[in-house]
Structures are given as C-alpha cells and as structure tokens.
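[1] Sequence and predicted model, in that order:
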Amino acid sequence: MAVVKWRGVIEEYATFLPVPSGSPVITLFEGGTPLLPAPRLSERVGARVFLKIEGANPTGSFKDRGMTMAITKAVAAGAKAVVCASTGNTSASAAAYAARAGLACVVLIPEGHIALGKLAQALVHGAKVLQVRGNFDEALRIVREIGEREPVIVVNSVNPDRIEGQKTGAFEIVDALGDAPEAHCIPVGNAGNITAYWKGYCQYREAGVSTRLPRMLGFQAAGAAPLVLGHPVPAPETVATAIRIGDPASWYGATAAASESGGGIFAVTDDEILSAYRFLAAEESVFCEAASAASVAGLMSVGVPESSTVVCVLTGHGLKDPDLAISQIDVPDPIDADVDAVLSVLDIG
Ligand code: F0G
C-alpha cells in the first residue's frame, strides 16, 4: 500500500484556508497529530475520552498550526520581520517558522516565567529574545503598539491568520472520529485556541462534514481566570506558566464559543492541574505540559454525561518544562556503582 505523506495543515486543508495562490507555503509539516484513546481516563470519568496530542507538532505545541499560516501570509505580504509576546510556545514556534522563511523574529517574554525548553527553542532558532520585567499581558500590549508603529507583523493570535491555521485541529478530530465529539475540553490562556477550534467545528458542520457541534469546555488556572471572574486579573499566578494570562486578547471569541455551544469556561486549581499532569504521564503515558493538563483536570472536575465522546486537547509537550516535571517526583539519591548497592535499594526477587 502506498504511504500517503502528510504535507502540513495548509496543503491538507487548502479549501478551508485563505492562502493566496502562488506564494510559497512555509511549513514544517505541522498537524496530523495523534488522537489517542485514553482508556484509564475514560474509565475514571465514565466517558469515551480521546487525547489530541499537540506536543507531537514540530516545535512541540499547537502553535505551529497557526504559525504556518501567519508566516506564509507574512512572506506573501513582503514582510521582513515578525514580532510576538509569549509565555513561551508562541515564541518557540515563531522563531522556528521565521527562520525557515528567512524572516527576522523578535519575541518578548515575561522575565523568569517561561519554561527553559521554550526559551532554548527561541534562542537556537535565532530569534531576538527580549525578557520584559512584566507579565504576558504587558508584553502583548507593547507588541501590539510596535505592530501599529513599525513595519513588522504581529504573530500573536490577535493576527487572524493564526486562528485560521489553528482551526485545523478541529478538522483533524472530526476526520478521525467521523463526526464531532460531544464535548471538547481545552485549556484557555490568551483564548485564541478555543476561538479557533470553535470556528473549525462550525465550518465543518456548515460544510456538511460533521452532523453536530461539541460543547466547548474551556479551563483556566484558578489564579489566572479572568473569563471565569468576568474581569481582567492584574497579577495572574499559576504553576502552568503557559496560561499565566490575566487579560486574554480573544475574550469575546472564548465567551462566544462557550455560550453558543452550550458549554462554559471554568477554573481549575494548580493542585488539580498537577494531579492531572501526573495522572496523564503515569496512567496514559502522555507527558504533556502543565497548562495542557488543565483540559483533563477540568474534565475530571466538571464531568460529562455518561458514555459521551470527549476530546481533551493536550496543547504542548512535557519536555518543554523538565524543571516542573522533576519537582513533582522524589528523585532517589545516587548510589555506589555496584550490584549489591543497586539491589539493596530495589524491591525485587
Ligand atoms: N497550552 C499551552 C501549552 C500554551 O502555550 C497556551 C498558550 C495555551 C494552552 C493557551 O492557548 O492562549 O490560545 O488560549 N500559550 C501562548 C504562548 C499564550 O505565548 O505561547 P490560548
């Protein structure tokens, strides 16, 4: 049987994406990520749960779906430079795609609050990385102003091309399941991704590819839950640094997705997030980011009707933040290099 090669989300979903013909497609063959059945989680919540493994994207997060679009369009527009604010993943993805396209890339990150792996990615891909003494919301405000004043393209999800690319996650889920799930659980930070997924589900439904729409269940960290509280949070705090955001840019998109779908936006505590994070690694063998585990923490906490089909998006790879992973485990002390020393600490035989 011939192997059909995945060509990246723009080529795969060209009919649903506004890409100018004739301009080069900047892709790292993102998308086409696994939709993995989660038997133990399914048993625990009494539903049929699947995990959308977005850590399998080229830079290890869902951002690549949107970045292929944003950078392809930037090149088509003749741009020379792109800029973004980021809690880490957007900067990693922007740096990689900009390098591929030969564009300069500037990223603003909140000092001391991004995972080491993400910082390393932005640096090795050659972005100019500026650490800002402030949080993500402040960095994004600066970036938006620079975008208005200077000839650079902002590649945060305030750029509609990002949303277009990210909606392909919904297409892949419907393509894999044969229809939309009944519930879709997703972490929410700047709220671009929940907006994008809802757009994707609606478009597939309008095109007759699916017969139903999922309830959109969005989850914010309790210390950074502006959409749950109904007002911005000036000093957001959570262990899930990727979603440490107090004033989401796509506020309206998120609340519309929740209300139009009959879903909601809820808060989960850091303890619930970390417990889901450990559960996923130990029971489902999926090592995701803490922020990603918010979707599963949320599913465990709000629940769904018995036997429903549910998708939880695991937005980024756990290897991005090894410091957090190790902090969650008791690492044994080193021992002498001999057999007896090894056997003496093991409980076998
Ligand atoms: N999960 C991860 C791993 C993320 O990096 C982000 C956002 C989200 C969830 C939330 O998605 O913002 O579309 O609601 N990260 C952005 C960044 C803010 O800069 O990398 P959202």
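    Looks like it came in fine.

[2] just checking, residue 156 touches residue 249?
    Yes. With contact defined as C-beta atoms under 8 Å, residue 156 counts as touching residue 249 (6.9 Å). From N, CA and C alone the C-beta is placed, and that goes for glycine too.

[3] the more surrounded of those two?
    Using other C-beta atoms under 10 Å as the criterion, residue 156 and residue 249 rank with residue 156 on top: 25 against 22.

[4] gap between the more buried one and the ligand?
    According to C-beta to the nearest ligand atom, to the nearest Å, residue 156 stands 7 Å off from the ligand.

[5] Leaving out the residues flanking it, which one is nearest to residue 186?
    Spatially, and ignoring its direct neighbours in sequence, residue 186 is nearest to residue 313 (4.7 Å; C-beta to C-beta, 6 or more residues apart in numbering).

[6] Pull up the overlap in contacts between residue 156 and residue 249.
    140, 190, 192 (C-beta atoms under 8 Å, 6 or more residues apart in numbering).

[7] buried residues in the helix or strand containing the first one?
    With the criterion set as DSSP states H and E, the secondary-structure element containing residue 140 is helix 136-149. For helix 136-149, the neighbour count (16 or more other C-beta atoms under 10 Å) marks 136-140, 143-144, 147 as buried.

[8] The residue nearest to residue 186: neighbour count?
    A count of nearby residues for residue 313, using other C-beta under 10 Å, gives 27.

[9] And what about it, helix, strand or coil?
    The three-state label given to residue 313 by DSSP: H, G, I helix; E, B strand; the rest coil is strand.

[10] For it, give me its contacts.
    52, 54, 62, 169, 184-187, 193, 197, 292, 295.

[11] hmm, try it at 7 Å
    The contact partners of residue 313, taken as C-beta atoms under 7 Å, 6 or more residues apart in numbering, are 52, 54, 169, 186, 295.

[12] Run through the residues that contact the spatially most central residue of the chain.
    The structure's the chain has its C-alpha centroid closest to residue 315; by C-alpha atoms, centre = their mean the separation is 3.2 Å. Listed by C-beta under 7 Å, 6+ apart, the contact set of residue 315 reads 54, 61-62, 187, 193, 289, 291-292.

[13] Just put the shared contacts of residue 156 and residue 249 in a markdown table and tack on pLDDT and distance to residue 79.
    As requested, the shared contacts of residue 156 and residue 249 are arranged in a markdown table below (pLDDT from 0 to 100; distance: C-beta to C-beta, whole Å):
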| residue | pLDDT | distance to residue 79 |
| --- | --- | --- |
| 140 | 98 | 19 |
| 190 | 98 | 22 |
| 192 | 98 | 20 |
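
[14] what's the closest of the residues you listed to residue 174?
    Within the shared contacts of residue 156 and residue 249, proximity to residue 174 (C-beta to C-beta) peaks at residue 192, which comes in at 19.9 Å.

[15] and the closest one, how many neighbours?
    26.

[16] quick one on the thing from earlier: now, the contacts of residue 313 that are in strands?
    Cross-referencing the contacts of residue 313 against strands under DSSP state E gives 52, 186.

[17] so which of the contacts of residue 313 are also by the ligand?
    Under the cut-off given by C-beta under 6 Å from any ligand atom, the ligand has nothing from the contacts of residue 313 close to it.

[18] ok, which stretches of the stretch 51-200 of the chain are helices?
    Assigned by DSSP state H, counting those that start in this stretch, the stretch 51-200 of the chain shows helices spanning 63-76, 89-101, 116-124, 136-149, 160-166, 168-177, 192-206.

[19] ok, back up a step: tell me, which of the shared contacts of residue 156 and residue 249 make contact with the ligand?
    Counting by C-beta under 6 Å from any ligand atom, the members of these near the ligand are 190, 192.

[20] Could you export the shared contacts of residue 156 and residue 249 as JSON lines, including distance to residue 267?
    As requested, the shared contacts of residue 156 and residue 249 are exported to JSON lines (distance: C-beta to C-beta, whole Å):
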{"residue": "140", "distance to residue 267": "22"}
{"residue": "190", "distance to residue 267": "16"}
{"residue": "192", "distance to residue 267": "19"}
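
[21] closest to residue 18 among the shared contacts of residue 156 and residue 249?
    residue 192 (16.7 Å).

[22] Contacts only, for the closest one.
    157, 162-163, 166, 250.

[23] top of those residues by neighbour count?
    Taking other C-beta under 10 Å as the neighbour criterion, residue 162 ranks highest of the contacts of residue 192 with 30 neighbours.

[24] From what I see, that residue and residue 71 are in contact.
    No. Assessed by C-beta atoms under 7 Å, residue 162 is found out of contact with residue 71, at 10.0 Å.

[25] quick one on the thing from earlier: return the two entries of the contacts of residue 313 that lie farthest from one another.
    Longest distance between any two of the contacts of residue 313 is 12.4 Å, between 169 and 295; criterion C-beta to C-beta.
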